[in-house]
Every structure is written in structure tokens, then in C-alpha cells.
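Chemist: Sequence plus the predicted model coming up.
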Amino acid sequence: MADFRCDQAAGLRRMFGRSQLRVIAFASGSPGVGKTAIVANVAVALARQGKEVLVVDENRGASGVGSFFGLHPQGELQQVLNRQRRLEHVLFSPVAGVSILPAGCAARQLGCLSPLQQQALLEGVASLERPVDVILVDTSHEHDHGFSPWGLAAGETVIVVSGSGSSITDSYALIKKVSQSLARRHFRILVNRVKNPGDGHVIYGNLRKVAAQRGVAQLEFGGAIPQDEALHRSARLGQAIVGSLPDSPAAVALREFAAELLAWPGAEYEQGGVEQFIRQLLNLSHRLTPRVLHA
């Protein structure tokens, strides 16, 4: 294993006076439920609350968080690992306070990084000029066992589900898969595009009941986002609704969700900031078997 000693003094200076790092992974059982739009809007909502947000984007091409804002990345995390580019040259910012890290190609390879690649990643995060308050991981659907290590290392996992029968079924299947394969037992349910205020609680309640009866996982209600045409209008313009149409129902719900997630209990390692999270990520990646990571 590599010697992960970095500039500890610089890390302490960045951490001093900052709130505890929060790492939240967003996943869904199937595409098309609005997960990436939620991640983009939550990131902007947190930035407007004064937080520095890093979005780790596992998606590739037009499905990425950058594409939501009409932007295209000029680099990728894999280039940082191979020391072809510096991390700050790969990150890009759609709005003040939000940085996006394109990580699609590297997301499935964290368990087999060489010591030099691990060191390159740690040096990259150690060199960040601004401290990170919140990391949001927009997980892809390309992982056979549900999540990449980015999602598994996160302190909280949010499952985004819509009201359709297929979305609910696929969400439960994902929860079961990750719970059984990777021992992740706690998830928060965020119901998107609800027509009525009570629909979110009904959908969550049904999922929670089935998961509890079958001993699959513990589910908690994360919230509900109303169906709102304003959300689609903002997305077509490459804008977050929380900024462009802040009084719309969806914007209000997204701001409330963003504020609430900051109060969720954090993982112990999150107290050490982004560098400690990366160490935890690398350790977790190497503990997982190649069969689980790359099956």
C-alpha cells in the first residue's frame, strides 16, 4: 500500500473552523426518475446556503450533472489518477460554490488502483484551494452490484424513486441487491414528482413495510418533491430551479431537503474532512473483492 502522508498542516488549516464534512450518495433503481436534476438542484441550494459543494459525477456523456447545466467536462478523474492532469484542471464549476468532478471512467476502478494512482488522488484533494463542506455523489446505473465505492463510502444513501410502479419495484430491487451484496442496511427514500402531498409518504410507507418484513434494510423518509412544470422549464434552460424560480413548489421542497440533510447524523470518518473521506474510500475499495467490484 502507498504511504498516504500528505500535507497535514495544510489539511488542518483548511479544516479549522469548518463544519463536519457531509457525504451523500444519490441512487435510483432505474433511469428517468430525475435523480441527476435533484443532485444539481440540491448542490445549488446548498451553495446558496454558504456551503462549498463537490459533486462526484459517475455518469458519462449527456446523462452527467454537467450536461444538466449545459456544460461539458474538459477532463476526467482517470487523467488525475494517471497524473496526466491536475485535479483543479478537471473540476469545473457551473455556479459559485459548486464544483463537479467527472468520475465516470474511474468509478469502477478504485479497487485496483496502483499505489501511485492512490497517491495522486490524495495529493489532488489535498491541493484543493477551498475546503469542501458537502460531497454529493451522483451514482450511475452501470455497477452490477448497485453502487461503486464512492456510493458505499458515503455517510448517507438517498434512493430517488418516482410514483410509477416500475420505479418502486426497481428501487426495492436495488435496495435488496446492495443490502445483500454489500451489507448496506440503511437508506433514505426521496420521492420525486408526487402529484399530491400525501403520495410521498404512501410510497415510502409501502417500501418501508416490505423492506422491514423481509429483513432487507431500514428505510427512512427523506422527503418528497412535487411534480412541477417549472422544474422542467428551468432544466431546459440549464438552470437550477432553486435559483431561477425560487418560489415554485419544487424549489421550496428542494431547499427544505437540502437544509435537512445537513442535520443528518454523519459518519465518524467525515469529521476528518475530504482527505479522510478519500482514505476511507480507498480502504473500502480494497476490502471489496474484485468479484464484487468488477463482476
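Modeler: Looks like it came in fine.
Chemist: Can you give me the neighbour number for P249?
Modeler: Using other C-beta atoms under 10 Å, the number of residues around P249 comes to 16. Placement of C-beta: from N, CA and C, glycine included.
Chemist: what do you get for Q119?
Modeler: So Q119, with other C-beta under 10 Å, has 18 neighbours.
Chemist: And for F92?
Modeler: As a burial measure, F92 scores 18 neighbours (other C-beta under 10 Å).
Chemist: what does P115 give?
Modeler: Counted with other C-beta under 10 Å, residues neighbouring P115 total 11.
Chemist: From G272, how far off is it?
Modeler: Using C-beta to C-beta, to the nearest Å, we find P115 at a distance of 21 Å from G272.
Chemist: Return the backbone torsion pair for G70.
Modeler: Backbone torsions of G70, given as degrees, to the nearest 10, read phi 80, psi 20.
Chemist: what does the model give it for pLDDT?
Modeler: pLDDT, G70: 92.
Chemist: Number the chain from 40, please
Modeler: Okay, residue one is now 40; in that scheme the one you just asked about reads as G109.
Chemist: Over to A269: give its phi and psi.
Modeler: phi -60, psi -30.
Chemist: Grab the nearest non-local neighbour of it.
Modeler: S287 (4.0 Å; C-beta to C-beta, 6 or more residues apart in numbering).
Chemist: Give the buried residues for stretch 132-150.
Modeler: Neighbour-count burial for stretch 132-150, counted by 16 or more other C-beta atoms under 10 Å, picks out 133-134, 136-143, 145-150.
Chemist: Check stretch 80-90 too.
Modeler: Quick answer for stretch 80-90 (16+ other C-beta under 10 Å): N80, V81, A82, V83, A84, L85, A86, R87, K90.
Chemist: G312 contacts P170, doesn't it?
Modeler: Yes. G312 is within contact range of P170, at 7.1 Å (criterion: C-beta atoms under 8 Å).
Chemist: More neighbours: these two, which one.
Modeler: Comparing G312 with P170 by other C-beta under 10 Å, the one with more neighbours is G312, at 20 against 17.
Chemist: Look at that one and tell me its secondary structure.
Modeler: Under the three-state scheme (DSSP: H, G, I helix; E, B strand; the rest coil), G312 adopts helix.
Chemist: gap between it and L167?
Modeler: From G312 across to L167, the span is 10 Å (C-beta to C-beta).
Chemist: go on, E91?
Modeler: Counting by C-beta to C-beta, the separation of E91 from L167 is 9 Å.
Chemist: again, but for S138
Modeler: Distance, S138 to L167, by C-beta to C-beta: 9 Å.
Chemist: is it true that L321 touches L160?
Modeler: Yes. Using C-beta under 8 Å, L321 is in contact with L160, at 7.4 Å.
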